[in-house]
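Trainee: 3D model of this:
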Amino acid sequence: AKDPALLIRDEPTTGLDATVEAEVLDLVVQLRREFGTSILFISHNLAVVAKMCDRVGVLYAGMLVEEGPTAELFNAPRHPYTVALLRCLPRAGERKDHNRLDTIPGTLPAPGAVITGCPFADRCALADDRCRRDLPRLIDLGGRFARCHYHERAAQLPRQTPAEVKLPALRPDAAPVLAIDHLNKTFRSGDHTLRAVADVSLAIGAGETLGLVGESGSGKTTFARLLLGLLPPDQGGVVALDARPLPPLLDARAEDQVKALQIVFQNPDSALNRAHSVRRIIGRALSRLGGLSGDALKTRLLELIRSVRLSERHLAAKPRQLSGGLKQRVAIARAFAGEPRLVVCDEPTSALDVSVQAAILNLLADLQAERQVSYIFISHDLGVVRYLSDKIAVLYLGRIMELGSSERVFGGPHHPYTEALLSAVPRLEGAQPSRIRLEGEIPSASNPPSGCIFHTRCPRKLGAICEEKEPPFVEAEAGHSLRCHIPIADLAKLQGKAL
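Mentor: Purely as a prediction, here's the structure:
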């Protein structure tokens with residue numbers, strides 16, 4: 001309003017879906033061009049930083065450890081911490097079993113800690129006695145700067161996590177753990193109705209991850225709450241666990257059915273009782289879900305915290321004394337207390353920085369491999385979804401618009417809505433995608449459009465058929481289903497994809 005010379009943007013896109021994030025970023029670019037405003041952009045999202053910033057500064061323990069032009073810093077980092085951060089970020093071709101994300105050992109120094117030498121030395125595999133003794137100066141490398149005694153060797157930083165991990169093969173012919181058949185949810189208020197979930201049918205196998213994506217308001221969380229029995233579905237829909245239909249509401253479910261389906265929430269601060277210790281939080285879950293007590297409970301408690309990479313010293317701590325990553329590990333341990341068959345992960349990494357996010361994603365993958373647990377993974381971060389998921393469902397106004405294997409959905413040809421979502425995601429490497437802009441907001445589920453519900457925003461709308469006739473949800477190719485009037489061969493040509 002006052003035409004500022006400097007605008008500080010502190011995590012302006014955290015928690016936003018891909019299309020809203022793109023619109024916010026476009027607005028920031030417009031303001032910069034129109035008013036000549038300088039922008040200090042603070043973010044954990046390195047791909048957004050790569051898209052928005054001319055120069056990048058990397059801070060560690062309150063100290064600038066590297067700074068320089070964006071492309072140079074991301075393509076050839078000269079500080080081990082920058083190298084490690086970039087290895088934590090999911091990219092195309094990286095999956096839970098192939099080119100796995102690396103992690104950073106240890107934790108940040110505590111605020112106010114007296115640091116001698118390089119602040120990153122205790123977590124750096126390149127560090128020696130000189131690093132622990134002498135604070136490196138910020139070295140001018142010709143238009144860019146790095147605070148490292150051995151900046152020329154930064155790219156040689158050894159990995160902390162094996163790149164290739166052998167995971168149990170999925171069995172597509174096996175009976176599903178969870179089968180959903182014609183699930184609907186309609187909310188009513190007076191004369192108004194709102195159909196939040198519309199005729200969803202799918203199956204999830206043992207040890208399989210289903211990624212659930214779509215804009216805010218697409219029905220992802222409502223769908224998850226129906227599965228967990230937190231909301232009653234409309235009459236006629238069935239949710240079956242191991243081929244046994246589940247009662248609609250949690251209170252009517254048997255004990256083994258309750259512990260079979262668990263959830264890890266987005267915000268552990270609101271999900272964990274801040275007045276209780278970690279020991280009490282997880283112990284209570286083991287007692288209620290696992291039926292354990294006495295020495296058996298103590299033994300299982302220690303096994304469980306070790307499985308989520310916590311130590312015994314954390315048991316006496318309360319959530320307010322833990323970092324975000326540690327709190328999320330406690331939430332995961334609680335969800336696994338009853339040996340669940342399926343865990344709903346509702347935005348479990350959205351509030352975490354990339355290094356903690358990588359550790360949590362790898363932890364979830366390891367637990368899945370060890371216990372053959374299945375996941376429904378809900379996230380706005382499509383890179384994270386691609387990394388962890390075996391199968392993807394794309395929701396729009398409560399309807400599945402596309403369903404298929406992770407690589408097929410991301411590789412294309414796509415449903416036009418999926419195409420638009422993917423085009424809005426910034427990339428760390430290569431040219432930024434040409435964005436497909438969706439006009440207007442997602443329509444109200446209380447008054448959905450006629451015909452194809454996406455036709456009011458679809459950039460590939462054919463004409464009257466899209467406005468008047470709802471397209472069927474059909475298998476366009478083996479294991480890949482779409483809800484679109486445009487044949488998949490024509491979509492492939494339009495999108496420049498190979499079938």
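Trainee: Now do whichever strand or helix holds residue 493: which elements does it pack against?
Mentor: In the assignment (DSSP states H and E), residue 493 maps to helix 488-495. Identification of packing neighbours for helix 488-495 by 3 or more Cβ pairs under 8 Å, 6 or more residues apart in numbering; DSSP states H and E yields strand 480-483. Every C-beta, even on glycine, is put in place using the N, C-alpha and C of the backbone.
Trainee: circling back: state the mean pLDDT of the helix holding residue 493.
Mentor: Averaged across helix 488-495, pLDDT comes to 94.
Trainee: Stretch 50-70 too?
Mentor: pLDDT averaged over stretch 50-70 gives 96.
Trainee: what about it, start to end distance?
Mentor: This stretch, stretch 50-70, spans 6 Å end to end (Cα to Cα, to the nearest Å).
Trainee: in the stretch 251-400 of the chain, which spans are helices?
Mentor: 255-260, 268-271, 278-290, 294-307, 324-335, 354-371, 382-388 (DSSP state H, counting those that start in this stretch).
Trainee: for the third one, packing partners?
Mentor: What it means is helix 278-290. Looks like helix 278-290 contacts helix 255-260, helix 294-307, helix 324-335 (3+ Cβ pairs under 8 Å, 6+ apart).
Trainee: Measure how far the first one is from the centre of its chain, please.
Mentor: I take that to be helix 255-260. Here the centre of helix 255-260 is set off from its chain's centre by 26 Å, with Cα atoms, centre = their mean, to the nearest Å.
Trainee: Ok, stretch 370-386 next?
Mentor: With Cα atoms, centre = their mean, you get 7 Å for stretch 370-386.
Trainee: Go through it and flag the buried ones.
Mentor: By 16 or more other Cβ atoms under 10 Å, the buried positions in stretch 370-386 come out as 371, 373-386.
Trainee: same question, stretch 8-17
Mentor: Buried residues in stretch 8-17, counted by 16+ other Cβ under 10 Å: 9, 12-13, 16-17.
Trainee: Likewise for stretch 455-464?
Mentor: 455-458, 460-461.
Trainee: Which of these sits closest to residue 293?
Mentor: Of all the buried residues of stretch 455-464, residue 293 sits closest to residue 457, with 55.5 Å by Cβ to Cβ.
Trainee: Using a markdown table, lay out the buried residues of stretch 8-17 together with pLDDT, distance to residue 350 and secondary structure.
Mentor: Formatted as a markdown table, the buried residues of stretch 8-17 follow (pLDDT from 0 to 100; distance: Cβ to Cβ, whole Å; DSSP: H, G, I helix; E, B strand; the rest coil):
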| residue | pLDDT | distance to residue 350 | secondary structure |
| --- | --- | --- | --- |
| 9 | 90 | 18 | strand |
| 12 | 89 | 14 | coil |
| 13 | 87 | 11 | coil |
| 16 | 85 | 10 | coil |
| 17 | 87 | 11 | coil |
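Trainee: closest to residue 120 out of the helices of the stretch 251-400 of the chain?
Mentor: That would be helix 354-371 among the helices of the stretch 251-400 of the chain, by Cβ to Cβ, at 11.9 Å.
Trainee: Name the spans of the chain whose pLDDT lies under the cut-off.
Mentor: Scanning the chain for pLDDT under 70 picks out the ranges 1, 499.
Trainee: how about residue 491, what does it touch?
Mentor: By Cβ atoms under 8 Å, 6 or more residues apart in numbering, the contact list for residue 491 reads 412-416, 460, 482, 484, 497.
Trainee: What subset of those residues is buried?
Mentor: Buried among these (16+ other Cβ under 10 Å): 412-416, 460, 482, 484.
Trainee: out of those residues, who's nearest residue 471?
Mentor: Once Cβ to Cβ is applied, the member of the buried ones among the contacts of residue 491 that ends up nearest residue 471 is residue 484, at 5.4 Å.
Trainee: where's that closest one relative to residue 436, distance?
Mentor: The spacing between residue 484 and residue 436, counted by Cβ to Cβ, to the nearest Å, is 15 Å.
Trainee: which secondary structure element contains residue 451?
Mentor: Residue 451 belongs to no helix or strand, assigned by DSSP H and E.
Trainee: Would you check that it makes contact with residue 463?
Mentor: No - using Cβ atoms under 8 Å as the test, residue 451 is too far from residue 463 to be in contact (10.4 Å).
Trainee: Would you mind measuring from residue 192 to residue 453?
Mentor: Taking Cβ to Cβ as the measure, residue 192 falls 18 Å from residue 453.
Trainee: Same check on residue 277?
Mentor: Look at residue 277 and residue 453: by Cβ to Cβ, they are 48 Å apart.
Trainee: repeat for residue 93
Mentor: Where residue 453 is concerned, residue 93 sits at a distance of 33 Å (Cβ to Cβ).
Trainee: Same question for residue 278.
Mentor: Distance from residue 278 to residue 453, by Cβ to Cβ: 45 Å.
Trainee: Just give me the neighbour total for residue 466.
Mentor: Neighbour count of residue 466, defined by other Cβ atoms under 10 Å: 23.
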